[in-house]
Structure formats: C-alpha cells, structure tokens
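Engineer: Just the structure for this:
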Amino acid sequence: MDASTARPSALASTRCPASVTRSSAPEVTPQFLKTAAQELNNPITTIKAALTLLNSSSLKPQQRERYLRMIGQACDRQSQLINNVFELLELQLAPQTVTLEKVKLWDLVPGVVSTYQPLATERNILLAYTVSNHLPCVLALESHLKQVLISLLSNSIQFTDNNGRIWVTAHHRVDGKVALVIQDNGRGIVPSALPQVFNSFYRSSSEGTGLGLTLVQQLLIRSGASISASSIPGKGTAFTILLPTAD
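Structural biologist: Numbers count the residues shown, from 1 in each chain. Predicted structure coming up:
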C-alpha cells in the first residue's frame, strides 16, 4: 500500500536541465584503503573457517546447512563491500564540477517506493509516501538522488521489524530548501552511535558493510545537498535530506 497526492500525467515525463554547478569530492585516503583491505579479508576468513568445518565427517545436516548459509552471507557481504568501495573511488575520480538537473520529487519518489513495495508487503511493512506536486523542483543529480533513496529505503526495510511502518515525505522549508524525509518505526540507533553513522566502515551491528551511509552522504554532497539522522532506540529513525531548489 502506498499513499501520494495526485500527479497530473502531463508532468510525469518532463525533466528540465539546469545550468547550475557544484564542486565536491570525497577523500579516499591511504587509511581508508588499508581499512577496506582489512574489511575485505574478514569475509574470506569466515568462508575458510566454514569450509574447514564442512569437511568434518561427523557433520549433521543442520550444521551443514548453517555453514553453507554462513558462506553465502560472507560472499554477499564481500560483494557489497567491493561495490561500495568502487563507487566511492569512482566519485573521487569523477569530474570535480557537476551540472545539476531540475528534479521533480513527485516523479522520482513513487517509482523508487513501488520497487520496494513487494519486499515490504512480504514482511507486512506499510511503505507509504506523501509528496505534493506543488513542491518546487530541486537541484540534484537525478541518478544520484535515486541511488540515495534506494539505499535509504533498503536500509529502513532491513532494520524495521515485520508489521512496521516506513514513510517518505517532502516539504518546503522556510529557508527555501526542500526536505526529503525517510522515516521508520524500526529498531532505532543508540545516541552514542548517531554521530558516527556516516563514518566509513562504522557499523552499529554486524550487518552491512559500514559504507552504505558514507556513500549516501558523498552522493548528496556532490549535489550540493546534505543529510542528517535522528533516532530514538526502539522507536525508529529518520533521515532528512536537504535539497536546494531550482526556483
């Protein structure tokens, strides 16, 4: 189930280029690469240990299944980590100056939300959005903004229990910026961890690579945007993206 304001079909397919530029580049330092190498080695250690245990002649079927699952999860984590590192490197190697586009959030948000509806429905999570077509266009790299929204929704679904709620809203602030908010009523983040969530390789749990939110922040910086997080443990988390407007 989703919720949105009505969107005139005449507006659904239009995009307007904007001759506005922003300059920024994330730093991938030697220390970052050293930590990345260490993180890449961790799944390999898990895989090797599980393979050794699989060679046991006294292995029970349930144990075999558990070790195979460990290998699968370690492979998935390593693949995601490699992809995240490559994406951050690509951002550093990309041109320093980018040309932003006029993006209509009432076009962008519904498409991304609908992609995650089947997964949310499977877990009985209410995934909804409310984005008015009266909002001004925002300035951003549309592909980056879409990637950010995908990452944040995926993150929310991962840390929201069954029968939970996730909702996406947008509003025009008095300072002229548009706030895009992705909020859930999931597990939340402890106060001591909140200032570190965008740091490279920081994880508040054993899940994830510790680079997802770092990448989100860097993608937004290149669009002249910013992101912040607020959370109450046990009650949920909200990520607020502030975007410049084209008007």
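
Engineer: going forward, measure contacts and count neighbours with C-alpha atoms only.
Structural biologist: Fine.

Engineer: Buried ones in the top helix by length along the chain, by neighbour count?
Structural biologist: Identified as the longest helix of the chain according to DSSP state H is helix 61-93. Residues of helix 61-93 classed as buried by neighbour count (16 or more other CA atoms under 10 Å): 64, 67-68, 70-71, 74-75, 77-78, 80-81, 84-85, 88, 91-92.

Engineer: Lowest-scoring secondary structure element of this protein by mean pLDDT?
Structural biologist: strand 16-23 (a mean of 42; mean pLDDT, DSSP states H and E).

Engineer: Show the residue spans covered by the strands in this protein.
Structural biologist: Secondary structure of the chain by DSSP state E: the strands cover 16-23, 97-103, 126-130, 138-140, 165-172, 178-184, 226-232, 236-243.

Engineer: The ones you listed: which one's closest to L149?
Structural biologist: strand 178-184 (8.3 Å; CA to CA).

Engineer: What separation is there between E90 and N83?
Structural biologist: 10 Å (CA to CA, to the nearest Å).

Engineer: ok, now L51?
Structural biologist: 24 Å.

Engineer: and what of A238?
Structural biologist: Distance, A238 to N83, using CA to CA: 25 Å.

Engineer: Kindly report the same for I232.
Structural biologist: Taken as CA to CA, the span from I232 to N83 is 30 Å.

Engineer: ok, now Y129?
Structural biologist: Note on Y129: its distance to N83, by CA to CA, is 29 Å.

Engineer: again with I182
Structural biologist: For I182, the distance to N83 (CA to CA) stands at 24 Å.

Engineer: hang on, the earlier thing: quick one: mean pLDDT for the longest helix of the chain?
Structural biologist: Helix 61-93 carries an average pLDDT of 78.

Engineer: can you check stretch 219-233 too?
Structural biologist: 89.

Engineer: got any ranges where this protein has weak pLDDT?
Structural biologist: Scanning the chain with the threshold set as pLDDT under 70 gives 1-39, 93-96, 200-211.

Engineer: make it 80
Structural biologist: Low-confidence segments of the chain, defined by pLDDT under 80: 1-43, 46, 73-74, 76-98, 199-212, 247.

Engineer: Spell out for me which residue occupies the centre of the chain.
Structural biologist: The residue lying closest to the centre of the chain (CA atoms, centre = their mean) is S151, at 2.1 Å.

Engineer: coming back round to it: which among the buried residues of helix 61-93 gets closest to H144?
Structural biologist: Of all those, H144 sits closest to L91, with 10.7 Å by CA to CA.

Engineer: any idea how far the closest one lies from L219?
Structural biologist: For L91, the distance to L219 equals 8 Å [CA to CA].

Engineer: Likewise for V181?
Structural biologist: With CA to CA as the criterion, V181 and L219 are 16 Å apart.

Engineer: out of the two, which sits in the busier spot?
Structural biologist: Legend: neighbour count by other CA atoms under 10 Å for V181 and L219, higher for L219 (26 against 21).

Engineer: what residues are up against the more buried one?
Structural biologist: L91, H144, L145, V148 (CA atoms under 8 Å, 6 or more residues apart in numbering).
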